[in-house]
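Enquirer: Let's see this in three dimensions:
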Amino acid sequence: MASDGTPLKKRKQDDGTDLADAPRAPVTQLLIKKLSNKAKTPTRGSPLAAGYDLYSAEDKVIPARGKALIDTQLSIAVPAGTYGRVAPRSGLASKFMIDTGAGVIDADYRGTVFVLLFNLSDKDFQVSEGDRIAQLIIERIYTPEILEVEDLDETLRGAGGFGSTGGHQSL
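Expert: Numbers count the residues shown, from 1 in each chain. This is a model prediction of the structure:
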């Protein structure tokens, strides 16, 4: 909403484009919008914790060896020059074999945040509203321009891929 109460998508700039499509000032703080009363503001477990705990806004069962999208009922704006990485919670991973996937929140994304959880165990896993399901880690990024070239400089490693630098010879 604009300060005059009109939705941004309905307001027009002088050139006729929607105000919602106009460039924005960079976000410098982690902005959180609760989309319902089921949403819970992310928290940090300790003053030096790297991540902010994300909470489930719904009850859902993740089937054994299956996956589920868990709704947080949050929209998030991360600071310019960063992205939000949705990472597993160590306790869920070590005790219940619950992992996260597809966890990138771009600085220009404003939709509902869902968390993709994988159940790697042989038992169904119950997620309840209010459970901590993942952590949000804000990471700085660098997005250089792409330059297509004919050749790349040679390196000592060369094209050696998986396992080429040592260890894990069984791969």
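Enquirer: Any idea how far apart the tips of stretch 120-135 sit?
Expert: 18 Å (CA to CA, to the nearest Å).
Enquirer: How about it, which residues are buried there?
Expert: Buried residues in stretch 120-135, counting neighbours by 16 or more other CB atoms under 10 Å, are found at Phe125, Val127, Asp131, Arg132, Ile133, Ala134, Gln135. Any C-beta I mention is one placed from the backbone N, CA and C, and that applies to glycine too.
Enquirer: now swap in stretch 133-153 and tell me
Expert: Applying 16+ other CB under 10 Å to stretch 133-153 flags Ile133, Ala134, Gln135, Leu136, Ile137, Ile138 as buried.
Enquirer: Tell me how many other residues crowd Pro42.
Expert: As a burial measure, Pro42 scores 21 neighbours (other CB atoms under 10 Å).
Enquirer: Please read the previous query as pertaining to Gln73.
Expert: 20.
Enquirer: hmm, back to that, the buried residues of stretch 120-135 in helices, which ones?
Expert: Using DSSP state H to define helices, no part of these is located there.
Enquirer: Farthest pair within these?
Expert: Phe125 and Gln135 (17.4 Å; CB to CB).
Enquirer: measure Thr82 to Tyr52 for me?
Expert: In this view, Thr82 and Tyr52 are 13 Å apart by CB to CB, to the nearest Å.
Enquirer: Now the strand of greatest length in the chain: buried residues?
Expert: Secondary structure of the chain per DSSP state E: the longest strand is strand 67-77. Buried positions in strand 67-77, judged by neighbour count with 16+ other CB under 10 Å: Ala68, Ile70, Asp71, Thr72, Gln73, Leu74, Ser75, Ile76, Ala77.
Enquirer: Make TSV out of those residues and add distance to Phe162.
Expert: Shown next, in TSV, are those (distance: CB to CB, whole Å):
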residue	distance to Phe162
Ala68	30
Ile70	31
Asp71	36
Thr72	34
Gln73	39
Leu74	37
Ser75	38
Ile76	34
Ala77	37
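Enquirer: Nothing else from me, thank you.
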